[in-house]
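Novice: build the 3D model from these lines:
(5 chains, ligands or ions: 5)
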Amino acid sequence: MNQATFSSRFKRWFHQWGSPESFFVKSRFWEIIFGLFGAALLLMSWTWGLFFAPPDYLQGDSFRIIYIHVPTASAALTFYFLMGISSAIFLIWRMKLADHAAASLCIVGGTLTTISLITGSIWGKPTWGTYWQWDARLTSMLILLLLFLGVAMIRQVQSNSDRIRTVACFIAVIGMINLPIIKYSVEWWNTLHQPATLSLSEKPKMHISMLIPLLMGITGMYFFSGYLVIRQTRYHVLKSCRRQGWVKRLVKNGAL
Amino acid sequence: MFKRLGNVLKREILLSSRQFGFTAQLFIFLVIGIVLFAMGFNQASDAIRESVPALLWFLILLATTLVASSWFRDDYDNGWLAQWVMCDIPLSLLILVKQFFAWIQVLVTLILFIPLSNIMLNIEYEKPLLAYASFAIGTAILVQITSVTAVLSLLIGRSSVLHSIVTLPLTIPVLIFGAEINRAALDASSNANVVWFLMAIAAFVWSIGPWTTATALRMSLE
Amino acid sequence: MFKRLGNVLKREILLSSRQFGFTAQLFIFLVIGIVLFAMGFNQASDAIRESVPALLWFLILLATTLVASSWFRDDYDNGWLAQWVMCDIPLSLLILVKQFFAWIQVLVTLILFIPLSNIMLNIEYEKPLLAYASFAIGTAILVQITSVTAVLSLLIGRSSVLHSIVTLPLTIPVLIFGAEINRAALDASSNANVVWFLMAIAAFVWSIGPWTTATALRMSLE
Amino acid sequence: MHQTIHEDDNYLICRSVGSHYDDRQIFSNLSFSVPSGSLTQIYGANGSGKSTLLRLLVGLRKPDQGEISWQGDLWRSGWNGALTLPFFLDHHLSAHEQLSPRENLIAWHTLHTNEVSNSISINDALIKAGLKQVLDEPLRQLSFGQKRRAVLARLLITTSSWWFLDEPFNGLDQAAQQWLCTLLDSHVEKGGTVILTSHSKIAVKHSIDKIDLTKYCQDNTHV
Amino acid sequence: MHQTIHEDDNYLICRSVGSHYDDRQIFSNLSFSVPSGSLTQIYGANGSGKSTLLRLLVGLRKPDQGEISWQGDLWRSGWNGALTLPFFLDHHLSAHEQLSPRENLIAWHTLHTNEVSNSISINDALIKAGLKQVLDEPLRQLSFGQKRRAVLARLLITTSSWWFLDEPFNGLDQAAQQWLCTLLDSHVEKGGTVILTSHSKIAVKHSIDKIDLTKYCQDNTHV
Ligand code: HEM
Ligand SMILES: Nc1ncnc2c1ncn2[C@@H]1O[C@H](COP(=O)(O)OP(=O)(O)OP(=O)(O)O)[C@@H](O)[C@H]1O
Ligand SMILES: Nc1ncnc2c1ncn2[C@@H]1O[C@H](COP(=O)(O)OP(=O)(O)OP(=O)(O)O)[C@@H](O)[C@H]1O
Ligand SMILES: [Mg+2]
Ligand SMILES: [Mg+2]
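Specialist: Ligands and ions are numbered 1, 2, ... in the order given. Prediction:
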């Protein structure tokens, strides 16, 4: 495929997904897939992790919170990244859909961050003896939450205003500098929090019977949160297009 | 009359909710303050513990200043305060309502914030009630001071040198007493008598504050 | 062109001489903060030494952010910034001038404040130059970050709290590195290499900051 | 407006009133009386002190010389007791930019009466003022003229009989100007009094008394 | 203003321009061309989009539909290159309240030219604008009309030939209105172009082209 056809194909693809109507129609399928797949994986991971995985030889049963903590933490970081990307797309190409996606990612990502913070500090009590420590990883995660909250608050000022959208996206993009800080905080500063055990290049340092449900949990969390994001985005699309012909047509046909 | 004052209060509430949940913002602001403070310390947690009272009171000062500074300014600029002056409710009553609401806002924020800060800074009060009381009284005083100075700064065309000259001597004692009480609440050893002193100041400023603010406001609208 | 930029600077100077607001308010916040903390530390002098760097940076960060939230407000409200956007000098250059002057103002305030804080906290730097350099570089970064967010907060209706919420998380690297350098300046033992890192950040934000602010400003005037 | 001074009960009387800012005398020796139920236009060059005079009349400023009285009572601490509350509107919106026209009107209404705001009458006033489309947009998103209309809608719900309006026609389009004129007319017909400033002719049916402030203006001589 | 579109070099051309805020379309399909050396008055009801149109023309906003061009060039990033810089004045003073008329005028002048401000010409402009008494008072101590005069004085020193004025007659007294009219006349005679909004008739000698925006206004239908 030569350059020109690639770029024109890309453009066509971009436009197709970028138009609210076709997004709304096409995303239905993915919404269901993501939802089912994610829910199934999470369910499996949690039953395995909570009931069948062996207790940790150091931490006993308290380690089981890992099956919520790590998936949510990991998804939270990724979702902030995605929010930054779609915000940038909105700022550059003024594509409304990207903004709707950013808004949805913000809500879901904020929730994930909150859950991982709470589970982390609950886990901290038995392992480190304290709920909260001023540790680089924990603090930078807290800042991630604050960024999510800040963006969400700005969006909440006025839902249909272009200015507000612009500001929210701007801040989301600027806030992306926080991501490498979180990711590498465990390496740059010596912290209480443990450094990455999971990595694609190295051999896992974890027992396989703990590892597999964890991996399932992470994948499941990604898909399930993705489902929530798609759902939320569809809602935003519908709301902002409620006066347009295609929505009215859908309503008339009983598709909604 | 009371119904109308209630309506005045309603407008304040509406505005604060329109300005993006002011309390929530204030709350986050305070949390960020703590995060920043702790970040710099590189885990020298002893030093953090020592400076908790000062930290809290400093943050509270900033928070009340934030609430108060935008208060009169918008309504002064858009001429709403002239309507206040001209209406038949005594101006100082109207101002009292506004100040009261500001205080409530700060208080609500603090009620949410203090438990969290206890966890985050890892502190436990020996006498928690004393600490809470000191926050309530201290913010009450600060609200009065900042509202007088906010109006003063309108009067002098918002060059804030005078503003600051007025603020400094008024706020510093309150903050110092506040921090002292806080230390007493932490230790149980120190002496907490100064809380009576703070209460006396509060009673004093709330009895003359609204009237002073009203007078300054009338002058600024001449 | 340069002459015209000079004239823009002249107007800023004129305005700041007409209303010392910015410098005075910043100074007041800093002084109140220092007094409060110094009072708390009265016994344990070791704790002071440990926490001075963090404390100074914490105060500077908060105070600057709060005060800076109104940087562009007057000129935005009265429409002057629209004239900037429409004139044939690149907007980012004009903004650069304003930012530069803001930085100078912060520096002036600090020059007044640092000796005072040294006295009050009873500290002596082993390498004073390093400490001063770190303040200069750190505030330069702060100025850039706050000016972007100040323009953004104009867009959403001027809440200074919201402003600080979005600004402060971005300033955390400054805080951490600044405090580290400061510690090195106190001890002479610690490693001060991180100052290069801070300088790199400063160079980066000063190269893209004015442009970013200009973009935000153009959007806010739409 | 009658240049001769009446001691009658129904006159708002200014006796050789003067006012200055800092060390600039704006006007002095200004005497006139306004009977209730009349329509008075204050005019004069820019800076002659029209707005200042209005602020004196409603009690936001105190006269530096002379006195203002009503029914033999001196103006003391505002209008309390002397008259019904005056209605005052100047260049400021006296409304908050973050609130919608409706919220602003309710806030204004409930500041002045004990009654609960009847939401129908509030809406009605705003719709009559031509703001049907923007009832719930924050004021800062309205056009200049729409903002003015939003505050002028107060005239429809006020119970005050003394209206003091500083350049009320500013920014209004033709239709709104006519609307305001009929409003003024009907107020005067009902026995109300209107004192307004304006730089141009006002197309009301009722006869207009005029005060030319330029005559009393000190040409900004220094005290 | 010519409703037929000319491809001529000396026309500022709008082709089916539309603009919306958030999800409210203000006007659409607006086409007209303005020849240089003419005087155009935009009028229409409050909220019909006059101020918005002016902001589009000077480049502070970008049109959401259609295009604005000059000499065949599309409007791209403001006016740079395409025209001389436009002169724009709206309801805002674009002057600082703490500075005096003189300081404000100098600041404005030096923002637009490389020349040193000639203090005589600055003073002269302000005196012609009738501000002799208040040359050095901070703007916030001036009356409403005096403030407007202080910014209108820029018209006397600007080198721009395209003037975009949003309700420039607001707050001016009779004398100042006449003064402004003669200013506009003389500018057009010298080949300059004036596009202004106003709700009332303008007493200039030159013939006035008119654009009635109400026709293009969508009555605020939603997108
Ligand atoms: C409030 C407290 C905590 C926060 C904010 C937090 C945050 C995080 C974050 C952001 C990650 C990175 C996920 C990723 O890189 O994809 C993570 C991973 C992890 N956390 Fe925590 N954590 C907290 C407490 C704890 C505690 C107490 C433990 C147990 C001792 C723990 C164990 C782990 C483990 C094992 C991982 C996986 C590391 C990896 O394989 O990359 N965390 N946490
Ligand atoms: N920032 C904004 N956000 C949303 N809507 C706006 C904004 N500014 C203006 N509008 C809307 O756009 C429309 C046109 O406004 P504009 O100021 O252009 O009107 P105008 O013709 O100048 O009116 P006027 O005669 O009152 O000056 C109005 O209905 C207004 O409500
Ligand atoms: N706050 C103030 N401080 C000092 N002088 C003032 C102040 N306000 C107004 N002035 C001066 O008082 C004079 C009268 O002002 P005023 O606003 O009453 O004029 P006006 O007749 O309403 O003019 P306009 O037609 O422009 O509205 C002006 O010369 C002005 O410079
Ligand atoms: Mg006036
Ligand atoms: Mg307009």
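
Novice: so where do the helices sit in the chain?
Specialist: Going with chain A. A:3-18, A:20-47, A:66-93, A:96-128, A:136-157, A:162-174, A:178-188, A:208-240, A:245-252 (DSSP state H).

Novice: sorry, should have said chain B
Specialist: Counting by DSSP H, chain B has helices at residues B:2-18, B:22-40, B:45-77, B:80-86, B:91-121, B:128-155, B:160-187, B:194-220.

Novice: out of the ones you listed, the one nearest chain E is which?
Specialist: For the helices of chain B, proximity to chain E was assessed by C-beta to the nearest C-beta; helix B:45-77 is nearest, at 10.5 Å. Just so you know, the C-beta spots here come from the backbone N, C-alpha and C atoms, and that holds for glycine as well.

Novice: what packs against the closest one?
Specialist: Helix B:45-77 sits against helix B:22-40, helix B:80-86, helix B:91-121, helix B:128-155, helix B:160-187, helix C:21-40, helix C:45-68, helix C:160-170, with contacts defined as 3 or more C-beta pairs under 8 Å, 6 or more residues apart in numbering or on different chains; DSSP states H and E.

Novice: save those as JSON lines, and put in mean neighbour count, mean pLDDT and distance to ligand 4 too.
Specialist: Listed next are the helices and strands packed on helix B:45-77 as JSON lines, based on neighbours: other C-beta atoms under 10 Å in any protein chain shown; pLDDT from 0 to 100; distance: least, C-beta to the ion, whole Å:
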{"stretch": "helix B:22-40", "mean neighbour count": "23", "mean pLDDT": "81", "distance to ligand 4": "35"}
{"stretch": "helix B:80-86", "mean neighbour count": "22", "mean pLDDT": "90", "distance to ligand 4": "14"}
{"stretch": "helix B:91-121", "mean neighbour count": "19", "mean pLDDT": "90", "distance to ligand 4": "24"}
{"stretch": "helix B:128-155", "mean neighbour count": "23", "mean pLDDT": "86", "distance to ligand 4": "20"}
{"stretch": "helix B:160-187", "mean neighbour count": "20", "mean pLDDT": "76", "distance to ligand 4": "29"}
{"stretch": "helix C:21-40", "mean neighbour count": "22", "mean pLDDT": "80", "distance to ligand 4": "28"}
{"stretch": "helix C:45-68", "mean neighbour count": "23", "mean pLDDT": "78", "distance to ligand 4": "34"}
{"stretch": "helix C:160-170", "mean neighbour count": "26", "mean pLDDT": "74", "distance to ligand 4": "32"}
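
Novice: can you put the ones you listed in TSV and add distance to residue C:150?
Specialist: Formatted as TSV, those follow (distance: least, C-beta to C-beta, whole Å):
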stretch	distance to residue C:150
helix B:22-40	16
helix B:80-86	25
helix B:91-121	23
helix B:128-155	20
helix B:160-187	17
helix C:21-40	12
helix C:45-68	6
helix C:160-170	6
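
Novice: nearest to residue D:53, of those helices?
Specialist: Minimum separation from residue D:53 across the helices and strands packed on helix B:45-77 (C-beta to C-beta) falls at helix B:80-86, 15.4 Å.

Novice: residues from the stretch 51-200 of chain A in reach of chain D?
Specialist: Residues of the stretch 51-200 of chain A lying near chain D by C-beta under 8 Å from any C-beta of the partner chain: residue A:158.

Novice: for the nearest residue to residue A:99 once chain neighbours are set aside, what are its contacts?
Specialist: Excluding the flanking residues, the one nearest residue A:99 by C-beta to C-beta, 6 or more residues apart in numbering or on different chains is residue A:90, at 4.3 Å. Residues in contact with residue A:90 (C-beta atoms under 8 Å, 6 or more residues apart in numbering or on different chains) are A:96, A:98, A:99, A:102, A:165, A:169.

Novice: got a winner among those residues for most neighbours?
Specialist: Across these, neighbour numbers were computed from other C-beta atoms under 10 Å in any protein chain shown; residue A:102 holds the maximum, 30 neighbours.

Novice: re the thing from before, how about the helices and strands packed on helix B:45-77, which one is nearest ligand 1?
Specialist: Among these, helix B:91-121 comes nearest to ligand 1, with 10.7 Å by C-beta to the nearest ligand atom.

Novice: show me what contacts the residue most central in space within chain A?
Specialist: Geometric centre of chain A, nearest residue: residue A:79, 3.0 Å, by C-alpha atoms, centre = their mean. The contact partners of residue A:79, by C-beta under 8 Å, 6+ apart, come to A:105, A:108, A:109, A:112, A:225, A:229.

Novice: next: residue D:214.
Specialist: Contacts for residue D:214 (C-beta under 8 Å, 6+ apart) come out as D:44, D:45, D:48.

Novice: hang on, isn't the first one packed against residue E:173?
Specialist: If I follow you right, that is residue D:44. Yes: Residue D:44 is within contact range of residue E:173, at 7.3 Å (criterion: C-beta atoms under 8 Å).
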